[in-house]
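A.B. asks: What follows is a predicted structure for the sequence shown.
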Amino acid sequence: MSKRVIYGFALFLIAIGALAAGGVIWAVTLGLACIIAGNEFVAMTQAKGMKPSPRIVRNMIFAFFALAAFPSIPGINLPPTFSIEHFPILLTVGVCASFFRLLFRGENPPATIADIATTILGFIYVGWMPSHLVLLRNLVPPGMSVQTNPLQQPGLAYVWASLFIIWATDVFAYYAGKKFGKNLLYPQVSPKKTVEGAIGGFLASIFWAVVVVYCADHYIFPDHPFRNKLWQAPLMGALVSIAAQLGDLCESLLKRDAGIKDSGNLIPGHGGMLDRGDGLLFAGAISYYWVCVVVLGIL
């Protein structure tokens with residue numbers, strides 16, 4: 001068995017275990033992965049001659065995940081909306097801290113526009129965006145009592161559906177592209193991705209979205225987390241799949257500009273943490289707002 005398969009399976013088991021546990025465990029696991037990805041992002045910008053503040057990027061990623069997990073900490077009685085309501089405050093603090101830290105960095109000149117911009121981009125891209133997956137895991141529909149059994153919590157259904165869509169997009173895009181790929185999708189950014197692969201991943205995501213949402217509402221979760229709105233499942237699959245594929249292309253754009261093949265070498269056969277999670281960065285946030293607005297109608 002190749003190292004790629006072994007490490008890929010190990011990552012899968014860790015992710016599934018943390019997701020099933022939910023709460024602080026899910027937040028800590030995902031947060032640590034994003035801090036590593038944040039370090040990779042900083043290294044990528046440094047390869048371009050930029051000098052963002054690694055400390056601000058890491059601390060802000062930690063802060064976003066800590067805030068997202070805060071209502072789920074045992075003994076703390078806060079409404080589920082506490083985190084999302086305070087995200088704008090934390091984002092404001094991060095922007096101000098980025099400017100002030102680089103203003104007084106003690107170098108001559110202290111900082112450039114690119115240094116400040118990449119510092120802010122770093123914690124938004126690898127902190128604020130993926131921390132929505134913690135909000136999604138902790139989401140409780142209005143009028144529903146909080147489930148103490150983590151395997152029956154509706155947030156598990158929401159994240160599980162989102163991840164299935166992202167994984168289906170990734171896996172079926174790879175095999176459809178390998179089998180039928182003839183027309184390159186965006187060769188200036190990613191020389192191997194094909195139109196046929198993108199379509200295959202897109203169609204597979206719609207199918208699996210319907211399957212997962214139907215099973216969640218009718219067989220797995222007693223409280224019908226998707227409110228029996230099966231009509232929205234293919235739309236969710238389509239939207240999240242597009243977000244995942246665009247997230248992949250965006251990370252490829254960053255790597256191509258930096259002149260590197262992988263964001264890191266942490267995971268043998270897979271590259272860096274940012275390489276493995278690029279599809280989650282946009283898709284996770286979009287999944288959260290989709291569930292809030294379309295499924296639950298609370299935003």
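C.D. replies: Sure thing, it's come through.
A.B. asks: So Ser72 is in contact with Leu135, correct?
C.D. replies: No - Ser72 is beyond contact range of Leu135, at 10.1 Å (criterion: C-beta atoms under 8 Å). Quick note: C-beta positions are derived from backbone N, CA and C, even for glycine.
A.B. asks: of those two, who's got more company?
C.D. replies: Leu135 (27 against 21; other C-beta atoms under 10 Å).
A.B. asks: Would you mind confirming that that one is in contact with Tyr289?
C.D. replies: No - in this structure, Leu135 is not within contact of Tyr289 by C-beta under 8 Å, at 9.7 Å.
A.B. asks: ranges for the helices of this structure?
C.D. replies: Remark: helices assigned in the chain by DSSP state H are 3-21, 23-46, 54-69, 82-103, 113-123, 132-137, 154-180, 195-215, 232-258, 273-290.
A.B. asks: so can I have JSON lines of those showing distance to Val146 and mean pLDDT?
C.D. replies: Output for the helices of the chain, formatted as JSON lines (distance: least, C-beta to C-beta, whole Å; pLDDT from 0 to 100):
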{"stretch": "helix 3-21", "distance to Val146": "16", "mean pLDDT": "85"}
{"stretch": "helix 23-46", "distance to Val146": "11", "mean pLDDT": "96"}
{"stretch": "helix 54-69", "distance to Val146": "15", "mean pLDDT": "98"}
{"stretch": "helix 82-103", "distance to Val146": "14", "mean pLDDT": "97"}
{"stretch": "helix 113-123", "distance to Val146": "30", "mean pLDDT": "97"}
{"stretch": "helix 132-137", "distance to Val146": "13", "mean pLDDT": "97"}
{"stretch": "helix 154-180", "distance to Val146": "10", "mean pLDDT": "95"}
{"stretch": "helix 195-215", "distance to Val146": "22", "mean pLDDT": "97"}
{"stretch": "helix 232-258", "distance to Val146": "24", "mean pLDDT": "96"}
{"stretch": "helix 273-290", "distance to Val146": "18", "mean pLDDT": "94"}
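A.B. asks: now Met144: how far from Phe221?
C.D. replies: 11 Å (C-beta to C-beta, to the nearest Å).
A.B. asks: Please name the residues that touch the residue lying closest to Tyr175 once chain neighbours are set aside.
C.D. replies: Using C-beta to C-beta, 6 or more residues apart in numbering and skipping the chain neighbours, the partner closest in space to Tyr175 is Gly200 (7.1 Å). Counting by C-beta atoms under 8 Å, 6 or more residues apart in numbering, Gly200 touches Phe172, Ala173, Tyr175, Ala176, Gly177, Phe180.
A.B. asks: Over to Ala204?
C.D. replies: Here Ala204 is in contact with Ala168, Thr169, Val171, Phe172, Ala173, Ala176 (C-beta under 8 Å, 6+ apart).
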